[in-house]
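**Student:** build me a model:
(chains A and B)
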Amino acid sequence: MIQVRNLHKSYRVHSARKGVAGAFRDLFSRQSYEVNAVQDISFHIPRGEIVGYIGENGAGKSTTIKMLTGILTPSCGEIICNGMNPHMQREAYVKTIGVVFGQRSQLWWDIAVQESFRLLKKVYQVDDRTYQHHMDLILSTLDLSELLDKPVRKLSLGQRMRAELAAALLHNPAILFLDEPTIGLDVLVKMKIREFLKEINQTYQTTILLTTHDISDIEALCERVIMLDGGNIIYDGNLSELRRKYVTKKQISFEFTKPTDIQTLSSQTEHLNLKWKAGENMHQWIGILPISIREKASISEVMTAVSKQNEIVDLQVRELALEEIIRKIYEKGAVHG
Amino acid sequence: MDKYFVMIRMRFLTMLAYRMEYYTGIIIYSINIGAYYFLWKAIYGSQGEIGNVDFVQMTTYVAIGWMARSFYYNNIDREIAADIQEGKVAIELIRPYDYVLMKTAQAFGEGVFRFFCFAVPGFIIVSLLFPVHLPSDPFLWVSFFVSIFFSFLIFTQINLAVGLTTFFFYNNRGFMRAKRILLDLLSGLLIPIYLFPAWVQSIFTFLPFQSISYVPSMIFSGGFTTELVYLSIGKQLLWSVILIVPIMLLWKTAKKIVVVQGG
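**Tutor:** Numbers count the residues shown, from 1 in each chain, chains lettered A, B, ... in the order given. Modelled structure (predicted):
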């Protein structure tokens, strides 16, 4: 569906000199330097997959999306989507894709949502029957029916975003590109949008590539993530694999009825591979347990060992959140192993 | 073709929604015509004719010139510049149509609106206020309408070309303003071309600008012979074909270097 090989994109950027004298010098000769927004990227996405494309600001996510949608020309490398070259066959190609830029509207500001849809229907040459059938599903799932006769400028951000999604899917594209679709939205709208995307993906086998800074979007939607840093792919694979690789510890926080100390606790759990850390006071202690595939039952062992000699008021088991994993990866710079 | 027609209709409707702006436009144009009327009146003074043209013909020339302008004029150069500077061009490029053709369609929608809601009522007001002489020969009417259609095409093409240069210069507001004033001068809107020195006139014959305003105004005020009417319209046709070339070149190069502003 989407085939990307050795994709590279660089820009020439003009730099402004400092101060008034610098500005005058810039009038005659400007300094410029090359920026490699995307270095060398290759990946393949099969039909019906939902892929999260993540990375820090400036990592090259949007640049890739813009090349995949035919807006930007790659400096070198090859893209084949839906069997076409996005840039060379732009007009034919864009009929088969849908795009949502979270920060830009593709609806007409002054006219009613309905009119925008009607216009896009003509632009994409969708026939009446398919439109009717397909849009009924979209409008009801996105709960848009009441907003149809309002002008776009009167919609709230959440309402507008739902309308944008409907507009992008109006011609039932095979691929949907979403560039930060949930930016600035509240939790309820986010949930609705995620459910909708899942439904579209299941009903029509739509391939979805989304960039986001909201890791919960990724967790809710994607099985596969492609992680980008400085224009290079640093991880491409399963989300669960990523988790397995990075989640090496579990934290078990206890609150006991009586104060205790580290020696007592350590001796009680001597037979287990458990490290103790002090909590906020003498009642609270945190046990750090390394996870290995062989010792699946170790949490219950810890529980038995600890509860045998202490009375537990409260207990919490926590593992490293995906967000922390990703932060860790970026701090290290690359995925090892 | 259907999708471009939808855009023409769409632009017409949008303009209709903002029609108040255009009512004031009619007044501004009438004031402009009035100013030139009094200016020329002062220049003519006691002279009956300047360069074989009498005062009523000159007034007609000025009125026609401005009213034709109200039809062919549009701001698509600035719209294109805004699309590029605000990064909206990204949205235009994900749609299955040709951006340049779509802009032309929008300009045409605006032209149709301007013709019916601006040029026609404006001209009626002007002809009540000033001594404007309308031709009775139907040939002149037909050739005038053909000619202002080409005025629109050529003006729009120049606007497209200037607008597209934003891809290369990023900020070309000064250039666009200079273009606007130069066009008014070189097209013969402000001063009829025949009043320029002979050598300037001979340079102008090799430029597209006089096809915009001078030609339709001269045709309608009866300043051209039948032969010259055909020749001028033929030249307009030629220019509107020639100007396709630079636009296509600009657009082709622009697509390669397109940078989307703001993420």
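**Student:** just checking, residue B:123 touches residue B:67?
**Tutor:** Yes - if you go by C-beta atoms under 8 Å, residue B:123 and residue B:67 touch, sitting 4.6 Å apart. The C-beta positions use only the backbone N, C-alpha and C, and glycine is treated the same way.
**Student:** the two: which is more packed in?
**Tutor:** Neighbour count, other C-beta atoms under 10 Å in any protein chain shown: between residue B:123 and residue B:67, residue B:67 has more, with 28 against 23.
**Student:** the more buried one sits in which helix or strand?
**Tutor:** Here residue B:67 sits within helix B:55-72, counting by DSSP states H and E.
**Student:** contacting residues around the following helix or strand past that helix?
**Tutor:** Where DSSP H and E defines the elements, the next helix or strand beyond helix B:55-72 is helix B:76-85. Helix B:76-85 is contacted by residues B:88-89, B:92, B:103-104, B:106-107, B:156, B:159-160, B:162-164, B:166-167, B:170-173, B:176, B:179, B:261 when judged by C-beta atoms under 8 Å, 6 or more residues apart in numbering or on different chains.
**Student:** among those, which are within reach of chain A?
**Tutor:** When contact is defined as C-beta under 8 Å from any C-beta of the partner chain, the contacts of helix B:76-85 meet chain A at residue B:88.
**Student:** just the ones of the contacts of helix B:76-85 in strands?
**Tutor:** The strands, defined by DSSP state E, take in nothing from the contacts of helix B:76-85.
**Student:** now, of the contacts of helix B:76-85, which are buried?
**Tutor:** Neighbour counting over the contacts of helix B:76-85 (16 or more other C-beta atoms under 10 Å in any protein chain shown) leaves B:88-89, B:92, B:103-104, B:106-107, B:156, B:159-160, B:162-164, B:166-167, B:172, B:176, B:179 as the buried ones.
**Student:** what is the burial count for residue B:50?
**Tutor:** Neighbourhood size, residue B:50 [other C-beta under 10 Å]: 17.
**Student:** could I get the full set of helices for the chain?
**Tutor:** I went with chain A, as the question did not name one. In chain A, the helices defined using DSSP state H lie at A:19-28, A:61-68, A:90-94, A:113-123, A:128-142, A:157-169, A:187-204, A:215-221, A:239-246, A:262-268, A:298-309, A:322-332.
**Student:** nope, chain B please
**Tutor:** With DSSP H as the criterion, chain B has helices spanning B:2-17, B:19-44, B:55-72, B:76-85, B:89-93, B:99-114, B:120-129, B:138-164, B:166-169, B:173-186, B:198-204, B:214-220, B:226-242, B:244-257.
**Student:** quick one: distance of the longest one to the chain centre.
**Tutor:** Taking C-alpha atoms, centre = their mean, to the nearest Å, one finds helix B:138-164 lying 6 Å from the centre of the chain it belongs to.
**Student:** quick one, that helix and helix B:244-257 angle?
**Tutor:** 20 degrees (axes from the mean of the first three to the mean of the last three C-alpha atoms, to 10 degrees).
**Student:** and helix B:138-164, what does it pack against?
**Tutor:** Counting contacts by 3 or more C-beta pairs under 8 Å, 6 or more residues apart in numbering or on different chains; DSSP states H and E, helix B:138-164 packs against helix B:55-72, helix B:76-85, helix B:99-114, helix B:173-186, helix B:214-220, helix B:226-242, helix B:244-257.
**Student:** can you give me the buried ones in that helix?
**Tutor:** Applying a neighbour-count criterion of 16+ other C-beta under 10 Å, one finds B:140, B:143-144, B:146-164 buried in helix B:138-164.
**Student:** ditto for the third one
**Tutor:** Neighbour-count burial for helix B:55-72, with 16+ other C-beta under 10 Å as criterion, is recorded at B:55, B:57-72.
**Student:** tell me the contacts of the residue nearest the centre of chain A?
**Tutor:** By C-alpha atoms, centre = their mean, the mean C-alpha position of chain A lies nearest to residue A:212, the distance being 3.6 Å. The contact partners of residue A:212, by C-beta under 8 Å, 6+ apart, come to A:52, A:54, A:178, A:180, A:181, A:182, A:183, A:218.
**Student:** likewise residue B:148?
**Tutor:** By C-beta under 8 Å, 6+ apart, residue B:148 lies in contact with B:68, B:71, B:72, B:216.
**Student:** now do residue A:170
**Tutor:** A:98, A:117, A:120, A:121, A:124, A:126, A:131, A:134, A:135, A:138.
**Student:** return the member of the residues you listed nearest to residue B:98.
**Tutor:** For the contacts of residue A:170, the residue nearest residue B:98 by C-beta to C-beta is residue A:124; the value is 14.6 Å.
**Student:** doesn't residue A:173 make contact with the closest one?
**Tutor:** No - in this structure, residue A:124 is not within contact of residue A:173 by C-beta under 8 Å, at 9.0 Å.
**Student:** intersection of neighbour lists for the two?
**Tutor:** residue A:95.
**Student:** quick one: residue A:246 and chain B, what's the gap?
**Tutor:** Using C-beta to the nearest C-beta, to the nearest Å, one obtains 29 Å as the distance from residue A:246 to chain B.
**Student:** if we ignore the residues flanking it in sequence, what's nearest that residue?
**Tutor:** Leaving aside its sequence neighbours, residue A:246 sits nearest to residue A:325 (C-beta to C-beta, 6 or more residues apart in numbering or on different chains; 4.3 Å).
**Student:** for residue A:53, same thing?
**Tutor:** The spatial neighbour of residue A:53 that comes closest, neighbours along the chain excluded (C-beta to C-beta, 6+ apart), is residue A:211 at 4.5 Å.
**Student:** confidence score at that neighbour?
**Tutor:** At residue A:211, the pLDDT value in this model is 91.
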